[in-house]
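1. attaching a predicted model along with its sequence, questions to come.
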Amino acid sequence: MAHPALQMAVRLVYPPRCTLCGMPVADDFGLCGACWRDTPFITGLVCDLCGTPLPGESTGAVHCDACLSIARPWARGRAALRYEANGRRLVLALKHGDRHDVAQPAGKWLARAAAPLLAPHTLLAPVPLHWLRLLSRRFNQSALLARALANETGLVMVPDLLIRSRHTQSLKDLDVTARHATLDGAIRANPRHLSTLRGARLLLIDDVMTSGATLSAATQAAYSAGAADVCILALARVSKDA
């Protein structure tokens, strides 16, 4: 751990800046007041399966229209942000802008969103990338988020618990049915971690949930390997799609 005097010197030379706009802020890796107000954090009543925000109030588990129309293989799910405005900017900065610094504050937001899902001995695992995509991108943004969440919660993260065994086309322009068909069988448990998965309580982490096809494939792979319970967590939820 750095000496307090050294930390102070570093802060004087490199004062904390807003993750989005670069304005000075009080804490490292935070948002300024204006950016915080304009960032669509998900609060209040949410779908218990995907975390999308819902109107009204309820004391029990409720599900959105998308989750009522499509079978979700996981038990529960949450998301920290809506994928719009600053939520979209943060995801794209992390995913395509080499802004790895976004992961640290995102870990705090994910920990807050995932609080109802976390229990002792929960394993954290990122949604995997195929090695060809990992080679071109150089990092797995979901693994960065999972590591940040592990740092916040003290839970164990296994970066290669699941592997993507088949390279698939981009899902961007596909409809819901085509997305699920494209990913069918594309993710499986890492043979090195079969004993770890057996009977495990697992939280899968991804950067964005749109249709849920990727998280469904990952969940099915975990259950096929013997996981006892699987929940999902996304940094951002695209609410308009199923």
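-> Done, it's in.
2. any regions of the protein where pLDDT drops low?
-> Where the chain drops to pLDDT under 70, the residues are 1-14, 28-29, 134, 169-170, 173, 240-242.
3. what ranges do the helices span in it?
-> In the chain, the helices defined using DSSP state H lie at 4-13, 33-37, 65-69, 85-96, 103-114, 131-137, 141-153, 176-183, 194-197, 213-224.
4. relative to residue 79, which of those helices is closest?
-> helix 103-114 (6.3 Å; C-beta to C-beta). Glycine gets a C-beta too; all of them are placed from N, C-alpha and C.
5. before we move on, back to that, possible to save the helices of the chain as a markdown table with mean neighbour count and distance to residue 24?
-> Below are the helices of the chain laid out as a markdown table (neighbours: other C-beta atoms under 10 Å; distance: least, C-beta to C-beta, whole Å):
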| stretch | mean neighbour count | distance to residue 24 |
| --- | --- | --- |
| helix 4-13 | 10 | 11 |
| helix 33-37 | 13 | 11 |
| helix 65-69 | 14 | 40 |
| helix 85-96 | 19 | 18 |
| helix 103-114 | 22 | 15 |
| helix 131-137 | 11 | 31 |
| helix 141-153 | 23 | 23 |
| helix 176-183 | 17 | 42 |
| helix 194-197 | 16 | 44 |
| helix 213-224 | 23 | 37 |
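6. could you chop the protein up by domain?
-> 1-38, 46-237 (automatic domain parsing).
7. now do the end-to-end distance for the last one.
-> In other words, domain 46-237. End-to-end distance for domain 46-237, by C-alpha to C-alpha, to the nearest Å: 11 Å.
8. which one of the helices of the chain lies nearest to residue 232?
-> helix 213-224 (4.7 Å).
9. contacts for that closest one, please.
-> 72-74, 77, 125, 127-128, 161-162, 171, 176, 179-180, 182-189, 197, 200, 202, 204, 206, 209, 230, 232, 234 (C-beta atoms under 8 Å, 6 or more residues apart in numbering).
10. and for residue 125, the neighbour number?
-> Here the count is done by other C-beta atoms under 10 Å, and residue 125 has 29 residues near it.
11. could you find the closest non-adjacent residue to it?
-> In space, and not counting its chain neighbours, residue 125 is closest to residue 161: 4.0 Å by C-beta to C-beta, 6 or more residues apart in numbering.
12. can I get the helices of the chain in TSV including distance to residue 57?
-> As requested, these are exported to TSV (distance: least, C-beta to C-beta, whole Å):
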stretch	distance to residue 57
helix 4-13	42
helix 33-37	23
helix 65-69	18
helix 85-96	23
helix 103-114	18
helix 131-137	41
helix 141-153	28
helix 176-183	29
helix 194-197	37
helix 213-224	27
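13. looking at the ones you listed, which is nearest to residue 120?
-> helix 141-153 (10.3 Å).
14. distance from stretch 141-153 to the middle of the chain?
-> For stretch 141-153, the separation from the chain centroid amounts to 8 Å (computed by C-alpha atoms, centre = their mean, to the nearest Å).
15. and for stretch 48-58?
-> 18 Å.
16. just stretch 223-237 next, same as before
-> 11 Å.
17. change the start of the numbering to 706 and stick with it
-> That works, and once the first residue is 706, the last one we named lands at stretch 928-942.
18. now do the buried residues in that stretch.
-> For stretch 928-942, burial by neighbour count (16 or more other C-beta atoms under 10 Å) applies to 928, 930, 932, 934-942.
19. sounds good, over and out.
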